[in-house]
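Chemist: sequence unknown, structure follows:
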């Protein structure tokens, strides 16, 4: 039975094999037994097959597939010139579900050859593409198990953590590398949590509200003007009025050419102001050619994406000891922020 027949009957291979399915299809067409082999092969071995396909310049011939499925992994890696990738078998067994993307297997091979990344990988309990990207994006001084474990599988977390460190360091007037070193020296969640608290507690108070004008955006300060803008955009902006009055949130009206948007800028304690929701009329998602310039304009005013704060929330709350009763206020507020805009 061919791979094509099996897939048409059961639809069981196209989903778990992902990108590799198209590469395996020509070989399976010439070898009817390969489809059954792929269906009955243990998941870690399928991940090894994907690893071989992703890191080898050779096409997916029946011979290569047989080697990847049946030959000792150590021998296959040696033939590929990758004999130094120790612990690969264990890591492949810790990938849940379907295959990762091709570039993630290539990244796994790269990280296993990195002296500062390989020891971290050997201790993770689950491997994902997001985890590999986060390890890659963190500088060696920040690749502490406590940090990696805290941000693990959160997409883009490493970049957000680095931006958070840059913001905090600028507010404390110290070098970002110094802050990175402080956090990277933490050997437990308790230490990491303590260091994060010290950094946040040392932040000076914010001096003022965000600028009146940012790029093509103008701050809307009065409750009546906010309600009028919400009526015109068909958004319930009236729910922002209380936060606007107490200074926790500000609303901006972006108008550039034919493009308009309502932008929410929220305060995160003493850390600074951050760009949260920014949507068009009736809550429409902004086109990339509108959203890009808008975000850049706010970033130039030191108002960065709210996702930086959200990732910090995840980083901080993941360091809690089991059994600690922590009121997850930041995450709850996050859902409130995202839920404020809704069409009338």
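Modeler: Sure thing, it's come through. Quantities reported herein were computed from a predicted structural model and do not represent experimental measurements. Numbers count the residues shown, from 1 in each chain.
Chemist: quick one: low-confidence parts of the chain?
Modeler: Along the chain, the parts satisfying pLDDT under 70 run over 1-15, 235-246, 321-344.
Chemist: biggest strand in it, by residue count?
Modeler: If you go by DSSP state E, the chain has its longest strand at strand 259-268.
Chemist: Pull out the buried residues from whatever helix or strand comes next after it.
Modeler: Later in the chain than strand 259-268, the nearest helix or strand by DSSP states H and E is strand 272-279. For strand 272-279, a neighbour-count test (16 or more other CB atoms under 10 Å) marks 272, 273, 274, 275, 276, 277, 278, 279 as buried. Heads up, the C-betas are built off the backbone N, CA and C, glycines and all.
Chemist: farthest pair in those?
Modeler: 272 and 279 (22.0 Å; CB to CB).
Chemist: Which of the three states applies to residue 313?
Modeler: State at residue 313, reduced to three classes by DSSP: H, G, I helix; E, B strand; the rest coil: helix.
Chemist: ok, now how distant is it from residue 268?
Modeler: Residue 313 is 9 Å from residue 268, where distance means CB to CB, to the nearest Å.
Chemist: Please apply the same query to residue 169.
Modeler: Per CB to CB, residue 169 is found 16 Å from residue 268.
Chemist: Which one's more surrounded, these two?
Modeler: A direct count of neighbours by other CB atoms under 10 Å for residue 169 and residue 268 places residue 268 higher, at 23 against 17.
Chemist: contacting residues for the closest residue to the more buried one other than its chain neighbours?
Modeler: Leaving aside its sequence neighbours, residue 268 sits nearest to residue 309 (CB to CB, 6 or more residues apart in numbering; 4.5 Å). Listed by CB atoms under 8 Å, 6 or more residues apart in numbering, the contact partners of residue 309 are 164, 268, 271, 274, 330.
Chemist: and if we set it to 7 Å?
Modeler: Applying CB atoms under 7 Å, 6 or more residues apart in numbering, we find residue 309 in contact with 268, 271, 274.
Chemist: In the host helix or strand of it, which of the residues would be classed as buried?
Modeler: Element membership for residue 309, per DSSP H and E: helix 307-317. Across helix 307-317, burial judged by 16+ other CB under 10 Å covers 307, 308, 309, 310, 311, 312, 313, 314, 315, 316, 317.
Chemist: what's the angle from it to strand 272-279?
Modeler: Helix 307-317 and strand 272-279 meet at an angle of 120 degrees, taking axes from the mean of the first three to the mean of the last three CA atoms, to 10 degrees as the criterion.
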